[in-house]
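Engineer: Provided below for reference: sequence and predicted model.
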Amino acid sequence: MISLSRRSLFCAAAGTLVAALPAVPAAADPACPRRYVPLPPPTGPHGIGVIALHLVDPSRCDPWVPSIPVRELMVSVWYPAVPNRRARAPYMQPAAGAHYDQGLALQLPRYRTGVVDFAATPTHAGVGAPVLPRRGGHPVVLYSPGGGNARTTGTVLVEQLASHGYIVVTVDHTYDSAEVEFPDGRLAVDRRPADTTREASALVRVDDTRFVLDTLARIHGGRYAHGLRGALDLDWIGMVGCSAGGYATAETMLVDRRVRAGCNLDGKLLADDDPVVLGRVARYGLDRPFLQIGTPGHDSTTDPSWAAMQANARGWHRELRLDGSTHLGLSDLQVTIPFLAGVFGLTAAEVRYALGPIDAGRSVATVRAYVTAFLDRHLRGAGGTLLDQPSPRYPDMVIVA
C-alpha cells in the first residue's frame, strides 16, 4: 500500500506534520556520509547571487502570535550576478534543514533522518556576489511558497528566473511557513490555528507582501545591502506563488497595483473549502496579466474559483495544465522526491503517486520555460508565442483557456 498523501506531503514535507506514518523514523548510520539533493542548474545566461535579509515590520503585531509586538520576516534576494567564485549559498540554514528533514521522515516510506543534509545542499548562487549591472535596474519578481512551506521550496524555479535577469525576492511567511530560521538561530514553525481558513492565511500573506513591496525601495537604495543599490527596476514588478502562494499572489494584485503581472501555480482561489466560498479575487477578477498553471483534475472545469477568475478577468488571462504531473510537481519536490527514492528505495509506484508519471527533468524544464515566458512578455515586452499555441518542445503543457 502506498503511504504517500499528495496534499499532506506538500505541507508536511516542509515540516507541518499531518497524516504522519506510524513508524518512528530511524536515525542515520554515523558511518555513512551524509548526502544532499543535486539541484538542476539554471539555464539562463547569467550567474546568480543571493542575500538573505531579516525584515521587521513595527507597524503590526504578529498575526499568528499576537504576543509578539512586531512582524518579523525572512526573505532572500536572488539576482543576476557577474561571474564569481563566492561560496555557494546553502539550500537551508541548519535548524530549518533539520526540521525539514524531520517532516520528510514522517511522510516518506523508509525515510531516515540524518541521511540527507539540506543545510549542506548547495544552491547555484554565490553569497553576496556582485550584482550584474543594468541601466535602470532589473525587473523584480516576488515568490510566495505553498501553505506550510518554506521559501526555499521554490529554489529550482527562482534560480532559473535570476539567471534570466530577474531579481527574485522569496518570502517566508512566519508561523505559516513550516520553518523560518532567523539570524540569531531562532526557529519559527507553523503556528496557525487548525481552523484557519484559506482566506485568513491569504490575507496575512497579502500584508506580508505589501510590506516587502514597501521595503524594495530601501533595498534599491542600498539600506539593507549596499551591493544592491540601484539594482532594482521598481516600475516592473511581478509575483509568482505556488498553491497557497498563488492565492496570495492574486489577492495581492487585487489591492496593490505595484504588482503588474502574477502567476498562480495550482493554487485554489477559495476563501474556504467547506462551505465552498470564492475568494475576493475570484469574484472580482483582475485587470492585469494573470497566468494559472494547473494539474490534471484541477482546472476551471473542476474548481469554481478558477472558472470565476477566468469569467471575471479584465486583463490578459491564460490557463494552462501540466499533464502527467500532480500538485507536488510544481515545487522543488519534483526534484527532491526522485532523488530520495534512490537513497531510500521508494518504489516507482510511490514516486508516480506523489508526482505523476511525468519525467522530473521534463517537468522542471516545462514549468521554468512557461513562467519565464510569461514574465518576459509582461515585464519586458519580449516576443514569443509559447503562451499562445501548443509547443512540440513542451508536449506536456496544454493550453486550457
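Structural biologist: All right, it came through fine.
Engineer: so how far is Leu106 from Val343?
Structural biologist: 17 Å (CB to CB, to the nearest Å). Where C-beta positions appear, they are placed from N, C-alpha and C, glycine not excepted.
Engineer: same check, this time on Val364
Structural biologist: In terms of CB to CB, Val364 sits 26 Å off from Leu106.
Engineer: and Val343 and Leu106? which has more neighbours close in?
Structural biologist: Legend: neighbour count by other CB atoms under 10 Å for Val343 and Leu106, higher for Leu106 (22 against 14).
Engineer: tell me the pLDDT at the more buried one?
Structural biologist: For Leu106, the pLDDT comes out at 92.
Engineer: off-centre distance for whichever helix in the chain runs longest?
Structural biologist: The single longest helix within the chain, with elements called by DSSP state H, is helix 198-220. Centroid separation between helix 198-220 and its chain, computed with CA atoms, centre = their mean, to the nearest Å, is 15 Å.
Engineer: for that helix, packing partners?
Structural biologist: Judged by 3 or more CB pairs under 8 Å, 6 or more residues apart in numbering; DSSP states H and E, the packing partners of helix 198-220 are strand 47-57, strand 71-81, strand 138-144, strand 167-172, strand 232-242, helix 244-255, strand 270-272.
Engineer: how about it: buried residues?
Structural biologist: 198-213, 215-216, 219-220 (16 or more other CB atoms under 10 Å).
Engineer: where does this structure have low pLDDT?
Structural biologist: 1-32 (pLDDT under 70).
Engineer: hey, where'd the helices end up in it?
Structural biologist: 6-12, 94-105, 155-163, 198-220, 244-255, 280-284, 304-312, 333-344, 348-355, 360-375.
Engineer: how about those helices in JSON lines, adding distance to Leu269?
Structural biologist: JSON lines is the format used below for the helices of the chain (distance: least, CB to CB, whole Å):
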{"stretch": "helix 6-12", "distance to Leu269": "17"}
{"stretch": "helix 94-105", "distance to Leu269": "26"}
{"stretch": "helix 155-163", "distance to Leu269": "20"}
{"stretch": "helix 198-220", "distance to Leu269": "9"}
{"stretch": "helix 244-255", "distance to Leu269": "5"}
{"stretch": "helix 280-284", "distance to Leu269": "4"}
{"stretch": "helix 304-312", "distance to Leu269": "4"}
{"stretch": "helix 333-344", "distance to Leu269": "22"}
{"stretch": "helix 348-355", "distance to Leu269": "24"}
{"stretch": "helix 360-375", "distance to Leu269": "18"}
